[in-house]
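1. need a 3D model of the following:
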Amino acid sequence: MTHPLSTAFIDALRALLGPAHVAAGESDGVGDGGSKLHPREAGAVVYPATTDEVADVVRLCAQHRVPVLPKSGRSGQGSAGVSQPGEVVLSLSRMNHIEAIDPQARVAVVGAGCTLAALQEAAAALQLEPGIDLAARGSATLGGMVSANTGGVMAFRNGVMRHRVLGLEAVLPDSSVFQDLSWAGKKTAGTELRHLFIGAEGTLGVITRIVLKLDPLPQVTNTVLLGLPSVEATLDVIGRALQMEVGHVRAAEALWQGLMRLNAQALHWSDAAMPLDQPLYLLLKIGGARHDALQTGLEQLVADTRLRYPSTTDIIASSAPQEAALWHLREATDIVYRAHPHAPSFEVSVPLWNIPAYVAQVQAELAALDANLRPYLFGHLADGTLNIILNEPGPLASARARVVEHILYRNLQALGGSFSAEHGVCVKRLGALNETSDDTKDDTKRALLEKIKKLLDAPGVKNRGNIIRG
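-> Numbering: from 1, shown residues only. Prediction:
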């Protein structure tokens, strides 16, 4: 239960940060506490500029038992940014600096409010990259990505955020500062406590600074779009692409026909070489050292695929603008939400060999529930991530939501998959956590999480309701 914030408390916040950096009572400022998909109001939104200021705010909130909600890029995919009246939303947008990039060590030190796109641009000037990418790069903050342990299109190759973070700094719920800003990529000095905060979704502390490892940028890239007859054929092409000698796969993104048609129509995209009648479409981006070698390699991959699957259609990008246009077909997922406002969305991970059976089961059971349900499917198929968006507006009525989630989640644990591939549990997937957790091992994990939460956040003021209730 939250209560309105007192005038004295708001005045104390303004004394800490300055009146310009505390929004309370203004509709445009306080409303910023929600997510894009789930707008809500908050008691106040604060904008600290330093770790010390974050600690001061957290200390004041702990003293007054005021809930604190860290805010990142607010994609809304997990409803992590949904705030309530009486809460203080802590925005790290002013902590968006890039402190250092060392091209020799291939390391970057950034503030948690720095966007992925900003780091990508700065690193690219030194022929480096963060080794992680996603469509929301312009708004996704690195602190939010670490908190959610985000994956993205390169996760099959480089891992998720947990594998990119060398060190971090975080303000704990008691306002003390945990600092492990080591640049060392190899260390075996006991328990790596930084991993407590990666994927914790802000429940154990506010991440303020991050040390990230960088990778060399490939000298050239190229993309091929393939129309394919089945999931099995798509997985086969990805497997052969991973074995190419002339380059390396940077992204392997699949779009089922429904989403491909929707996006192509909305973007006014068409190409005579790619009729939109294939069950699946695969975008492959390959990086390497020489354009001619990449071109030869892609042409050979396409030729081999045509021999195996004669119905294959293909486009190999012939220019950077064409390559960008092809990727826009995949990244413009906001088109779905314009067609179906607040459409219910899910993202699961499934072992590769089980994807065909899982997709067939989900499609059949959703159709049995409602003949008009034809979900949009797409995903990072190289690592088994599937995004499922229903072709109807949301939110779903609670009874219908339970049935849909049961269809999507009931077999995931047995298949070796997960109900949350990369957007976290947050508030949105607490039901899914219960749906897929039914054995003693999960009870033990939940109990351990609750013990850690109570140890670090005795007042229970940090990001309440995300992952752990209370």
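2. any idea how far the nearest residue to residue 143 once chain neighbours are set aside lies from residue 146?
-> Closest residue to residue 143 apart from its sequence neighbours, by C-beta to C-beta, 6 or more residues apart in numbering: residue 112 at 2.6 Å. For every residue, glycine as well, the C-beta is placed using N, CA and C. Taking C-beta to C-beta, to the nearest Å as the measure, residue 112 falls 8 Å from residue 146.
3. overlap in contacts, these two.
-> Jointly contacting residue 112 and residue 146 under the rule C-beta atoms under 8 Å, 6 or more residues apart in numbering are 207, 210.
4. the nearest residue to residue 316 once chain neighbours are set aside in helix, strand or coil?
-> By the measure of C-beta to C-beta, 6+ apart, the closest residue to residue 316 outside its immediate chain neighbours is residue 224, 4.8 Å from it. Three-state call for residue 224 (DSSP: H, G, I helix; E, B strand; the rest coil): strand.
5. that older thread, surely the residue nearest to residue 143 touches residue 93?
-> No. Using C-beta atoms under 8 Å, residue 112 is not in contact with residue 93, being 9.8 Å away.
6. pLDDT value on residue 449, please?
-> At residue 449, the model reports a pLDDT of 80.
7. ok, the one 4 residues further on next?
-> What the model reports for residue 453 is a pLDDT of 78.
8. please identify the buried residues of the helix or strand containing it?
-> Taking DSSP states H and E as the definition, one finds residue 453 inside helix 440-456. Going by neighbour count (16 or more other C-beta atoms under 10 Å), the buried part of helix 440-456 is 453, 456.
9. figure out how far it is from the centre of its chain.
-> With C-alpha atoms, centre = their mean, to the nearest Å as the basis, helix 440-456 stands 24 Å off its chain's centre.
10. from residue 360, how far off is residue 303?
-> 30 Å.
11. cool, residue 14 as well?
-> Distance, residue 14 to residue 360, using C-beta to C-beta: 58 Å.
12. now do residue 234
-> Distance, residue 234 to residue 360, using C-beta to C-beta: 14 Å.
13. neighbour count for those two, which is higher?
-> Taking other C-beta atoms under 10 Å, residue 234 and residue 360 do not tie; residue 234 has more neighbours (24 against 11).
14. per-residue pLDDT, that one?
-> pLDDT at residue 234 comes out at 97.
15. begin at 591, not 1, for the rest of this chat.
-> Sure thing, new numbering starts at 591, so read that last one as residue 824.
16. helices of the stretch 941-1060 of the chain, start to end?
-> 945-959, 988-999, 1002-1005, 1020-1025, 1030-1046 (DSSP state H, counting those that start in this stretch).
17. between the ones you listed, which has the poorest average model confidence?
-> Looking at those, the lowest mean pLDDT belongs to helix 1020-1025 (a mean of 53).
18. how deep is the closest residue to residue 637 other than its chain neighbours tucked in, by neighbour count?
-> Of all residues not flanking residue 637 in the chain, residue 611 sits nearest, at 4.3 Å (C-beta to C-beta, 6+ apart). Residues near residue 611, counting by other C-beta under 10 Å, number 17.
19. repeat that for the one 3 residues further on.
-> Neighbourhood size, residue 614 [other C-beta under 10 Å]: 20.
20. do the same with residue 596
-> 12.
21. show me the contacts for it.
-> By C-beta under 8 Å, 6+ apart, the contact set of residue 596 is empty.
22. pLDDT value on it, please?
-> pLDDT, residue 596: 91.
23. please report how far it lies from residue 913.
-> In this view, residue 596 and residue 913 are 55 Å apart by C-beta to C-beta.
24. show the contacting residues for residue 725.
-> By C-beta under 8 Å, 6+ apart, the residues touching residue 725 are 920-921, 923.
25. flag every buried residue along stretch 958-969.
-> Those buried within stretch 958-969 under the rule 16+ other C-beta under 10 Å are 963-969.
26. any chance of the residues you listed in a markdown table, plus distance to residue 636 and pLDDT?
-> Converted to a markdown table, those look like this (distance: C-beta to C-beta, whole Å; pLDDT from 0 to 100):
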| residue | distance to residue 636 | pLDDT |
| --- | --- | --- |
| 963 | 43 | 94 |
| 964 | 44 | 94 |
| 965 | 39 | 96 |
| 966 | 38 | 97 |
| 967 | 40 | 97 |
| 968 | 37 | 96 |
| 969 | 37 | 92 |
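27. ok, so of these, who is nearest residue 795?
-> Distance ranking of these against residue 795, using C-beta to C-beta, places residue 969 first at 31.1 Å.
28. distance of that closest one relative to residue 992?
-> 24 Å.
29. residue 807 contacts residue 718, correct?
-> Yes. Between residue 807 and residue 718 there is a contact at 6.1 Å, judged by C-beta under 8 Å.
30. the more surrounded of those two?
-> Comparing residue 807 with residue 718 by other C-beta under 10 Å, the one with more neighbours is residue 718, at 22 against 15.
31. quick check on that one: phi, psi?
-> Dihedral pair for residue 718: phi -130, psi 170, per degrees, to the nearest 10.
32. how far away is the closest residue to it other than its chain neighbours from residue 959?
-> Nearest residue to residue 718, sequence neighbours excluded (C-beta to C-beta, 6+ apart): residue 804, at 4.2 Å. From residue 804 across to residue 959, the span is 46 Å (C-beta to C-beta).
33. what do you get for residue 850?
-> 24 Å.
34. for residue 730, same thing?
-> Separation of residue 730 from residue 959 (C-beta to C-beta): 33 Å.
35. same deal with residue 768?
-> Distance of residue 768 to residue 959, given as C-beta to C-beta: 47 Å.
36. do the same with residue 918
-> The span separating residue 918 from residue 959 equals 33 Å under the rule C-beta to C-beta.
37. next: residue 770.
-> 48 Å.
38. what is the burial count for residue 837?
-> 21.
39. phi, psi for the spatially closest residue to it that is not a sequence neighbour please.
-> Counting by C-beta to C-beta, 6+ apart, residue 878 is the residue found nearest to residue 837 once chain neighbours are left out, at 3.1 Å. Here is the backbone geometry of residue 878 (degrees, to the nearest 10): phi -170, psi -170.
40. report pLDDT for residue 878.
-> Residue 878 is assigned 94 on the pLDDT scale.
41. would you agree it is in contact with residue 840?
-> No. If you go by C-beta under 8 Å, residue 878 and residue 840 don't touch, sitting 9.7 Å apart.
42. so what sits against both of these two?
-> Taking C-beta under 8 Å, 6+ apart as the criterion, residue 878 and residue 840 both touch 808, 811.
43. just give the closest residue to residue 984, not the sequence neighbours.
-> That would be residue 932: by C-beta to C-beta, 6+ apart, it lies 4.0 Å from residue 984.
44. for that neighbour, helix, strand, or coil?
-> With three-state DSSP as the basis, the three-state label of residue 932 is coil.
45. perfect, I'm done here.
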